[in-house]
Every structure is written in structure tokens, then in C-alpha cells.
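Chemist: Only the shape, not the letters, is given here:
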């Protein structure tokens, strides 16, 4: 049934909430009021804003207020899901573009091989543990799987090994650690970690065929991977020089600068469409295009200042809220399912912590207390984890119960990260230069996640 954009008004006997635009406006307002209220409540606990946004979505979803039929039918009816998901998905795509744009691999070069070693130590144990978790999940949650064992293992490995780079930046900024060597090491290792985790996720989606039964050619995964590699090559070796030339000619200020920034955003959206056509996910295209953008002439800063406030202040909270709306905690039932929650949380924390701690102490000579704080920092999930999980659910790799289990894990690991780091890392910073790592989204004082 086609839905009209706007009503003729109450005086004409029409309910505005039965029409797309006024309902979407009310939904966004409700989401912002609930999430910002929770963020204000959790502020004394020094929790990242993403915690409030996830909790707000869960509160509005089928786990809490969504149980009330009148509320669900009035504010979040099923017919409105597509519009809400599309708007929040657009915000996600732009946010991943900004994450790629602000990711500064200069920090990786400054820290050197230490960052790669620490990142690898935080990736390998969870990746290996995923192979053992999959059979246990099949026993605890006897639901049909739409993905092969290999692709499911790779996907869970990516979900367990990922570190939420923006959340980590917010925590380090809150503790005043971004400008000290500890902060640089953590951010550089997290940058390497996340690039590898995104690569794993792309591999999992390519091998699984997106989790759908298709009539495509048997070599479709090979075509997807080859096309993705070609896209990355064209973006870095053909588009990047053109964008650098455009940035030098336009400059960050003036009408030409505005035009160049708008063109860059349009190209990021088109890059998302291209990777969707390839068969991976639109966020990969936006992220890769952001990575390839030139940093000289203040061009990247110009784009961040113009785009970040809208994305981090409006569209990203909406994305997290829709994640919560799709999370049904009630689907996690029974001792076996909750046992899997405890196991997944333990593996996500212990795998990252143990590998990072051992390599940081034995391989880089870091003090044990700092190495423990680094292990906790690398265990923070939050933002990027939710993105990975939503992609998995969208592509039918994750069922509802597994999705809920991993959302609980992401929330738990993010909640405990700040207090544990505060307790472990008591050394006052000697210098505080939050901009030095280039990971903040310019143009907004608040952390995006």
C-alpha cells in the first residue's frame, strides 16, 4: 500500500501519524529526547554517548516500550520501518566516510611496528576463538543458519576482534590521554585493528554471498573479492590524485571550497552505491573513499566541519536507536542462551586483553599497568561493533537471538571500558593534544560515539 508524504491535517479528519513525513519527524524527536535524556543521566558515570543511544533504542524497542501495542502501532508501526532504516543507514554511510577521512595513519608510522604487533595480538585470539564458539552457538540456539560454517566463523571473528576506534578516541579524550605515548599507541593499534576487521567482514560477506540463497555463478565470491580489490585500487591510485588536485585548486575556504566539499560527499555516496553493486556493503565504499581523501590544504578538515555536526548530532543517534529497535532481548531465553552471552563477553574481553597485554609487556617493554589499561582499551566495542552486527543481521548471517547476544556483549564491553581504564591508568598526562591523532570528527565538540 502506497503511503502519502503528508496529511491534509486534523481538521480534514486525517491523522498525521498515518503519513510518512510527520511520523518520521515524531520518531526522530522521540529518539533524540530519549537518547539525550539517557546520555545526560549517564554523564556522571563517564559513559560514551553510544551507550545511551543503544540503551535508548532497546528501551523503545520490543524489549521494553515496544511491548505496549498502542505505542508500537502509533510511533513505530511496521510500515514506517523502511523510511527510518533508510535515513539512519544514510547517516551510517556518511559517518563511515568521516571515520575514513579522519583516520590518520601518520600515528601508525610514528608508533611503528609496535602498533601492528599489538593489533595482531588483539585480533588473532578472538579470531581463533570464533571457530570454537560457532558449534556452541549451534547447540545453544538451534536455529537454521543462512551462512556456511567458514563465513560464519570469519564473521564472528571480525565481530569479536573489532575495536571501536571512535569510542576509544572518546574515552582517551575524556581521560586526557590522546596526546601522550600511551594514547598514540592505543589509537595506532586500533586503526590497524579496524582496517583488518573490516577486511575480514568484507571477506565473510563475499564468501557467504550475503547470506541469501542466490542463483548466481559458483565463482560469485571470487568475482566479489576481485571487484572489491579493483575498486580499492581505482580509488587510491586514480581518484585520490584527482581529489588532491581539486583540493589544491579549490582550497578549504570560499565558494570553490564549498563546491569541492559537496563534490567529495557526493562521491562518497556514489562509492557506497558502487560497493553495494559489487556485493559487499555501501559502508565499505564510503569508508575506503574517506581513507583515500587527500589531507593537505585543510580539505579533510573542511569536510569534517561541515558534515560531522549533522551526522553525529542527528543521524548517528537515529542509527543506534534503530539498532535497539531491532534488538529483542527476550529472544535470549534459557540457561544455554544466557550462558552463551557470558561466554561471548568473556571471549571478547579476555581474548583482546590477554593478547594485547602479553605483546605490550613482552614485545614492547610497556609497564604492566599500562599494558593492562591498553588491553581494556582495545576491548571497547560500541559503535563499530553495532555496525558489524547490523550488517550481519541485514545480510541474514545472524539470526535474532545471536544478534541480541552480541549487542549485549557490545554494550557490556563498552560500559566497563572507561571505569576500568580510569582505575588502571592513574598516571597524569604530560601533554594533551587531542587533535594530534586526527581521529576526532571535526566540527562537533561532542564525541560522535
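Modeler: Great, that's in hand. The shown structure was predicted, so the numbers you read here are calculated from the model rather than taken from an experiment. Numbers count the residues shown, from 1 in each chain.

Chemist: Confirm for me that residue 75 is in contact with residue 27.
Modeler: Yes - under the criterion of C-beta atoms under 8 Å, residue 75 makes contact with residue 27 at 6.4 Å. All C-beta spots, glycine's among them, are computed from the backbone N, C-alpha and C.

Chemist: Same drill for these two, tell me which one is more crowded.
Modeler: Using other C-beta atoms under 10 Å, the more surrounded residue of residue 75 and residue 27 is residue 27, with 23 against 18.

Chemist: what helix or strand does that one sit in?
Modeler: Secondary structure assigned from DSSP states H and E places residue 27 in helix 20-42.

Chemist: Identify the residue nearest the geometric centre of the chain.
Modeler: In the chain, the centroid-proximal residue (C-alpha atoms, centre = their mean) is residue 384; its distance is 2.3 Å.

Chemist: surely that residue meets residue 162?
Modeler: Yes - with contacts counted by C-beta under 8 Å, residue 384 reaches residue 162, the gap being 5.1 Å.

Chemist: Identify the contacts common to these two.
Modeler: 194, 197 (C-beta atoms under 8 Å, 6 or more residues apart in numbering).

Chemist: how about the helix holding residue 27: buried residues?
Modeler: 20, 23-24, 26-28, 30-32, 34-36, 38-39, 42 (16 or more other C-beta atoms under 10 Å).

Chemist: How about the backbone phi and psi for residue 19?
Modeler: Dihedral pair for residue 19: phi -130, psi 150, per degrees, to the nearest 10.

Chemist: isn't it right up against residue 7?
Modeler: Yes - judged on C-beta under 8 Å, residue 19 makes contact with residue 7 at a distance of 4.5 Å.

Chemist: Spit out the contact partners of residue 326.
Modeler: 61, 390, 393, 403.

Chemist: For the second one, list the residues it contacts.
Modeler: This points to residue 390. Here residue 390 is in contact with 323, 326 (criterion: C-beta under 8 Å, 6+ apart).

Chemist: In the stretch 51-200 of the chain, what residue spans correspond to helices?
Modeler: 69-75, 81-102, 106-111, 113-140, 149-161, 165-174, 181-208 (DSSP state H, counting those that start in this stretch).

Chemist: if I look at residue 75 and residue 27, which residues touch both of them?
Modeler: Between them, residue 75 and residue 27 share no contacting residue, judged by C-beta under 8 Å, 6+ apart.

Chemist: so how far is stretch 189-204 from its chain's centroid?
Modeler: 12 Å (C-alpha atoms, centre = their mean, to the nearest Å).

Chemist: Mind listing what's buried along it?
Modeler: 189-198, 200-204.

Chemist: hmm, back to that, who touches the helix holding residue 27?
Modeler: 3-7, 16-17, 49, 51-53, 55-57, 59-60, 75-77, 80, 83-84, 87, 314, 317-318, 320-321.

Chemist: got the angle between it and helix 81-102?
Modeler: Counting by axes from the mean of the first three to the mean of the last three C-alpha atoms, to 10 degrees, helix 20-42 points 50 degrees away from the direction of helix 81-102.

Chemist: and helix 20-42, how far from the chain's centre?
Modeler: Counting by C-alpha atoms, centre = their mean, helix 20-42 comes out at 20 Å from the chain centroid.

Chemist: returning to that earlier point: out of the buried residues of stretch 189-204, flag the one nearest to residue 301.
Modeler: Nearest to residue 301 among the buried residues of stretch 189-204 is residue 191, at 18.3 Å by C-beta to C-beta.

Chemist: And the helix or strand hosting the residue nearest to the centre of the chain, what's buried?
Modeler: If you go by DSSP H and E, residue 384 is part of helix 383-394. Buried positions in helix 383-394, judged by neighbour count with 16+ other C-beta under 10 Å: 383, 384, 385, 386, 387, 388, 389, 390, 391, 392, 393.

Chemist: Stretch 224-235: which residues count as buried?
Modeler: 224, 225, 227, 228, 231, 232, 235.

Chemist: Pull the distance from the helix or strand hosting residue 309 to the chain's centre.
Modeler: Assigning secondary structure by DSSP H and E places residue 309 in helix 299-310. Here the centre of helix 299-310 is set off from its chain's centre by 19 Å, with C-alpha atoms, centre = their mean.

Chemist: in stretch 118-133, what counts as buried?
Modeler: Applying 16+ other C-beta under 10 Å to stretch 118-133 flags 118, 119, 120, 121, 122, 123, 125, 126, 127, 129, 130, 133 as buried.

Chemist: Adding pLDDT, write these out as JSON lines.
Modeler: Converted to JSON lines, these look like this (pLDDT from 0 to 100):
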{"residue": "118", "pLDDT": "87"}
{"residue": "119", "pLDDT": "86"}
{"residue": "120", "pLDDT": "87"}
{"residue": "121", "pLDDT": "87"}
{"residue": "122", "pLDDT": "86"}
{"residue": "123", "pLDDT": "87"}
{"residue": "125", "pLDDT": "89"}
{"residue": "126", "pLDDT": "87"}
{"residue": "127", "pLDDT": "86"}
{"residue": "129", "pLDDT": "89"}
{"residue": "130", "pLDDT": "88"}
{"residue": "133", "pLDDT": "91"}
